[in-house]
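In: Below are the sequence and a predicted model; questions follow.
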Amino acid sequence: MIPNITRGSRMGGLMVYLASTDSDKTKNAHTDPHLVAGDAAIMSWYDDGVLDQDDALAIAKHLDQPRKLFGVSVQVKDFAWDAAKKERVHVGYKDAQVWHCSLSLRAEEGALTDQQWGDIANDFVDAMGFTAASGKAQCRWAAVNHGTSENGNHHIHIAVSLVREDGTKASTHGDYKKAQQTCRELEVKYGLEQLSSVYATRGYDRAEKATAVRDEREMHRSSLARKVRASASASATEGEFVRRARDTGMLLRPRYAKNTADVIVGYSVAERPKAGERPIWFGGGTLASDLKLGALREAWMDSPHLATEAAAEWNAAARNKRTVSRTGPEKATPSPQVWVEYTRNATALAEQLRSIPRDDHATWAKAAREVSGAFAAWSHRLEPTPGPLAATAAELSRTAQLRAPREHSKPIALPSIAGTAMLFMAASSKNKAAAQTALMVQLINTAFAVYEMHQQSGRTREAQRIRSVVENQLAPFTGTMPKAAPVDADKQQSAEATVPPRAIDIARRGMVPIRPGSAVPTTPIAAPAKTYQPSRRDAGPSLDR
């Protein structure tokens, strides 16, 4: 269940919107908006009939009465964008006595009854401290069932007056975090799908989706995130990242520290626009939480010289000039031995993940980030349009994004496969090679380990999504790969077993443990493969949520 909080000053405007069934006046009109919960007075006056505008205005008048009676003003700081300073500046205060929160289910969860929504709404406002359960005078409030949105999400809206019955103001300090924690608790209490309290990904609004459908293209943020992830994973330094990112066709611009022209504290990227169009810019943090510049820098080498080199590359990118260095590592072609070394590293990583505790979230996030970057780089090399490699990269990237990174300890040292992204980005052709197959098997092994970590941790949704993308998209792709080359001459027999059928068998086993306690599948030749029949929910991964 997903909470979304906003603040405003006009209770009447909010309630008229919530009761609207006029598609000409609101893009989110619904056919039968009706009350499911509210304070005692509200529920004694209204039943579950469809609300009209008169009802909405009467409810708003009731909710707003304490504020008007006591003449209380609830204000918050107001900010505006200063074009000259290129920053948000405090310009005063604005009224914000209306607290509004929507509670939404995923489309796959279906719908709840009015009784269920009513119970959830009452528990939610109690937990948020807006009722007498807080030990203070209650706030007046109402919850409206808005039915199912255009995206298929069944949801309600809760409107609260922040002036209590005795004229005191209700505190909203930490309300975003409290709302998330409350939703996690209510998911358990009411048997709803439990969203992860550890991992969090960026969503996409309806306008982005509609524009992508209209233009028959992938959403900009999906494409940009994959290119940034591939470029970052393939790079050893920040300057190299800037050059690689520009090579993918993206536009880059740095965000400088105040009053400097060489201290970069953030960045934005955009797809190169068509003639006559303007680029649409996205900050790194809006693509994914682990793609902020600070998070990316944790994986790169650093020194005063490298910082100066990076600043020069950023400045060149900002002016759309040629890269400063034209002989960087991104121009080199890796030797066949490098493929062998990174395949060994990937094998070692898959093996070592067996011993990583399920609650070591920072380490799992790091491992997922590296394997996601490898698939993203491979997708950039092989897929003219997003395919199974892009889908796998997107799904694994979810585990790379921690909701609160600072609350977790540092990841432990693991065999690094970050360089595998470099290999795919530097591949001399778009043709599949035998060396890629050996590496592919180990990347699938790592994806399996991430899947099983979620499964054993009770995060069924995350586990199902990884299983779905590996079985339904990656396995057929793996079947087109050539036979793998041996990793070592003295391991020829083992290498002969490492061919596409093995990877397909791993994928098609239904992503279940091969033996108790194992996070990585053993050689599956002797055991019969399980046949997994996906349900409608598991029919394929969704890359836009």
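Out: Structure's in. What do you need? Numbers count the residues shown, from 1 in each chain.
In: Need the three-state assignment for residue 144.
Out: Three-state call for residue 144 (DSSP: H, G, I helix; E, B strand; the rest coil): strand.
In: so it sits right up against residue 19, yeah?
Out: Yes: A contact is recorded between residue 144 and residue 19 when judged using Cβ atoms under 8 Å, the distance being 7.2 Å. C-beta coordinates here come from the backbone N, C-alpha and C atoms, glycine included.
In: So between those two, which is more surrounded?
Out: Neighbours were tallied for residue 144 and for residue 19 using other Cβ atoms under 10 Å; the higher tally belongs to residue 144 (28 against 24).
In: So what's the residue count around residue 87?
Out: That count, for residue 87 with other Cβ under 10 Å as the rule, works out to 10.
In: Can you read off the pLDDT for it?
Out: As summarised for this prediction, residue 87 has a pLDDT of 72.
In: Pull the contacting residues for it.
Out: Going by Cβ atoms under 8 Å, 6 or more residues apart in numbering, residue 87 touches 81, 258.
In: Quick check: beta-bridge partners of it?
Out: residue 82 (DSSP bridges).
In: mind listing the strands in this protein by residue range?
Out: Taking DSSP state E to define them, one finds strands in the chain at 2-8, 34-38, 75-82, 87-95, 98-104, 141-148, 154-161, 250-256, 264-271, 282-283.
In: mind checking which of those is nearest residue 181?
Out: Between residue 181 and the strands of the chain, the shortest separation by Cβ to Cβ is 10.0 Å, and it involves strand 2-8.
In: Which neighbours in the sheet does the closest one have, and how are they oriented?
Out: Here strand 2-8 is paired, per DSSP bridges, with strand 98-104 (antiparallel).
In: and the angle from the partner strand to strand 154-161?
Out: Strand 98-104 and strand 154-161 are oriented at 170 degrees to each other (axes from the mean of the first three to the mean of the last three Cα atoms, to 10 degrees).
In: overlap in contacts of residue 144 and residue 19?
Out: Jointly contacting residue 144 and residue 19 under the rule Cβ under 8 Å, 6+ apart are 33, 51.
In: Most distant residue from the centre of the protein?
Out: Relative to the mean C-alpha coordinate of the chain, counting by Cα atoms, centre = their mean, the farthest residue is residue 69 (44.4 Å).
In: dump the residue contacts of it.
Out: Applying Cβ under 8 Å, 6+ apart, we find residue 69 in contact with residue 167.
In: I'd like to know which of the strands of the chain is closest to residue 332.
Out: Per Cβ to Cβ, nearest to residue 332 of the strands of the chain: strand 250-256, 21.4 Å.
In: so what secondary structure elements neighbour the closest one?
Out: The contact analysis (3 or more Cβ pairs under 8 Å, 6 or more residues apart in numbering; DSSP states H and E) places strand 250-256 against helix 220-234, helix 238-247, strand 264-271, helix 304-318.
In: rerun that using 7 Å as the cut-off
Out: Taking 3 or more Cβ pairs under 7 Å, 6 or more residues apart in numbering; DSSP states H and E as contact, the helices and strands that strand 250-256 lies on are helix 238-247, strand 264-271, helix 304-318.
In: That one to helix 304-318, inter-axis angle?
Out: Between the axes of strand 250-256 and helix 304-318, defined by the same axes, to 10 degrees, the angle is 120 degrees.
In: all helices of the stretch 351-500 of the chain, in order?
Out: Counting by DSSP state H, counting those that start in this stretch, the stretch 351-500 of the chain forms helices over residues 361-382, 388-397, 419-425, 434-456, 460-469, 475-478, 492-497, 500-508, given from the N-terminal end onward.
In: buried sites along the shortest one?
Out: Which is helix 475-478. 475, 477, 478 (16 or more other Cβ atoms under 10 Å).
In: Dihedrals phi and psi, the nearest residue to residue 139 once chain neighbours are set aside?
Out: Spatial nearest neighbour of residue 139, excluding adjacent residues (Cβ to Cβ, 6 or more residues apart in numbering): residue 130 at 4.3 Å. Note on residue 130: its backbone torsions stand at phi -100, psi 0 [degrees, to the nearest 10].
In: wait, doesn't residue 130 sit right on residue 172?
Out: No: counting by Cβ atoms under 7 Å, residue 130 does not reach residue 172; the two are 9.5 Å apart.
In: what residues are shared contacts of the two?
Out: By the contact definition Cβ atoms under 7 Å, 6 or more residues apart in numbering, residue 130 and residue 172 are jointly contacted by no residue.
In: Output the strands of the chain as a markdown table; include the columns distance to residue 438.
Out: Shown next, in a markdown table, are the strands of the chain (distance: least, Cβ to Cβ, whole Å):
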| stretch | distance to residue 438 |
| --- | --- |
| strand 2-8 | 41 |
| strand 34-38 | 57 |
| strand 75-82 | 52 |
| strand 87-95 | 50 |
| strand 98-104 | 44 |
| strand 141-148 | 48 |
| strand 154-161 | 47 |
| strand 250-256 | 31 |
| strand 264-271 | 33 |
| strand 282-283 | 36 |
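In: doesn't residue 288 make contact with residue 224?
Out: No: with contacts defined as Cβ under 7 Å, residue 224 does not count as touching residue 288, sitting 9.8 Å away.
In: residues in contact with the residue nearest to residue 139?
Out: With contact taken as Cβ under 7 Å, 6+ apart, residue 130 is in contact with 139, 141, 160, 170.
In: Now a ChimeraX select for only the buried ones of those.
Out: Applying 16+ other Cβ under 10 Å to those leaves a buried subset, and the ChimeraX line that selects it is:
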select :139,141,160,170
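In: Turn the contacts of residue 130 into CSV, columns for pLDDT and distance to residue 363.
Out: Written out in CSV, the entries for these read as follows (pLDDT from 0 to 100; distance: Cβ to Cβ, whole Å):
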residue, pLDDT, distance to residue 363
139, 96, 43
141, 96, 43
160, 96, 41
170, 94, 41
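In: Can you say which two of the contacts of residue 130 are spatially most distant?
Out: The largest distance within the contacts of residue 130, taken as Cβ to Cβ, falls between 141 and 170 and amounts to 10.2 Å.
In: Which of the strands of the chain sits closest to residue 112?
Out: In terms of Cβ to Cβ, the element of these nearest to residue 112 is strand 154-161, at 6.4 Å.
In: Check the burial of residue 362 by counting its neighbours.
Out: As a burial measure, the neighbour count of residue 362 was computed by other Cβ under 10 Å and equals 15.
In: Settle this for me: it is touching residue 408, isn't it.
Out: Yes: look at residue 362 against residue 408 with Cβ under 7 Å: they come within range, at 4.2 Å.
In: Please spell out the segments of this protein that come in under the pLDDT threshold.
Out: Within the chain, the ranges that satisfy pLDDT under 70 run 22-31, 85-86, 194-218, 404-406, 427-433, 484-545.
In: Quick check: residue 250 touching residue 269?
Out: Yes: because the distance of 5.0 Å satisfies Cβ under 7 Å, residue 250 is recorded as touching residue 269.
In: Return every residue with contacts to both of the two.
Out: With Cβ under 7 Å, 6+ apart applied, the overlap between the contact sets of residue 250 and residue 269 consists of residue 224.
In: tell me the contacts of residue 271?
Out: Residues in contact with residue 271, defined by Cβ under 7 Å, 6+ apart, are 220, 223, 224, 250, 279.
In: Please repeat the previous calculation with a cut-off of 10 Å.
Out: Residue 271 is in contact with 217-218, 220-221, 223-224, 227, 248-251, 277, 279-282, counting by Cβ atoms under 10 Å, 6 or more residues apart in numbering.
In: Please pick the buried ones from these.
Out: By neighbour count, with 16+ other Cβ under 10 Å, the contacts of residue 271 hold 218, 220, 221, 223, 224, 227, 248, 250, 251, 281, 282 as buried.
In: Not counting sequence-adjacent ones, nearest residue to the fourth one?
Out: Translated: residue 223. Taking Cβ to Cβ, 6+ apart, and ignoring the residues beside it in sequence, residue 223 has residue 271 as its nearest neighbour in space, at 6.5 Å.
In: Give the bridge partners for that neighbour, please.
Out: Using DSSP bridges, the bridge partners assigned to residue 271 are residue 250.
In: Against residue 252, how distant is it?
Out: Using Cβ to Cβ, to the nearest Å, residue 271 is found at 11 Å from residue 252.
In: who touches both of those two?
Out: With Cβ under 10 Å, 6+ apart as the test, residue 271 and residue 252 both reach residue 281.
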